[in-house]
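In: Below is the sequence, then the predicted model.
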Amino acid sequence: MIQARVVYDPVRDLLVGTVIATGATLEARDARELAELLFAAGVRHGYVSMPKRSDVGDIAPATGDKIALNWRLNQLGQAEADQRLALLDSIPVIERNGRPFAVRLSDIPERWRSEFSQRLRGSTVPVPENGSDLAFVWDWKRFVNSGPWPL
């Protein structure tokens, strides 16, 4: 998971989030707004560090800001999880021997089909059935649950 560090800049009265993996710096006056920027950058609830006031004094975000930021990240993560579950439920699964086996690429909405097909390049796939390209159901689930990606 992508991690971030959030501090308070008292001179500019801003919260400043730094995405550890990329070094990208995101700024906002409102903790909820910063949470949305961090979420869009791939940061999820539980992966944000914020210094304690006793350790760093003025640059530690206020307790209310910490709560608001974490609450919003959690809320965004839950909405994303609900959307992923709805997407998984919307695609029919082909069973073999009573077990989930494959999905038809043609059943996947184009919004995700192209990227999923690209990720499948070089992977083993089931033999096409009635002219339909197939993918193993576990590859589809892994794709949907890997993140972050826009829903």
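Out: Cool, the structure landed.
In: first vs last residue of stretch 5-21, how far apart are they?
Out: One end of stretch 5-21 sits 11 Å from the other (CA to CA, to the nearest Å).
In: Return the set of buried residues in it.
Out: In terms of neighbour count (16 or more other CB atoms under 10 Å), stretch 5-21 has its buried residues at 6-8, 14-19. Placement of C-beta: from N, CA and C, glycine included.
In: for stretch 20-38, same thing?
Out: Within stretch 20-38, the residues scored as buried using 16+ other CB under 10 Å are 26, 28, 31, 33-38.
In: Any idea how many residues pack against residue 86?
Out: Here the count is done by other CB atoms under 10 Å, and residue 86 has 10 residues near it.
In: Past the strand or helix carrying it, which element shows up next along the chain?
Out: Here residue 86, judged by DSSP states H and E, is contained in helix 63-90. Helices and strands here follow DSSP H and E; after helix 63-90, the next one along the chain is strand 94-96.
In: Show me what that following strand is packed against.
Out: Applying 3 or more CB pairs under 8 Å, 6 or more residues apart in numbering; DSSP states H and E, one finds that strand 94-96 makes contact with strand 99-104.
In: tell me what the strand it packs on is packed against?
Out: Using 3+ CB pairs under 8 Å, 6+ apart as the test, strand 99-104 ends up in contact with strand 94-96, strand 134-136, helix 137-145.
In: can I get those in a markdown table with mean neighbour count and distance to residue 113?
Out: Listed next are these as a markdown table, based on neighbours: other CB atoms under 10 Å; distance: least, CB to CB, whole Å:
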| stretch | mean neighbour count | distance to residue 113 |
| --- | --- | --- |
| strand 94-96 | 12 | 16 |
| strand 134-136 | 20 | 10 |
| helix 137-145 | 16 | 10 |
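In: Turn these into TSV, including distance to residue 87 and mean pLDDT.
Out: Formatted as TSV, the helices and strands packed on strand 99-104 follow (distance: least, CB to CB, whole Å; pLDDT from 0 to 100):
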stretch	distance to residue 87	mean pLDDT
strand 94-96	17	93
strand 134-136	14	94
helix 137-145	6	92
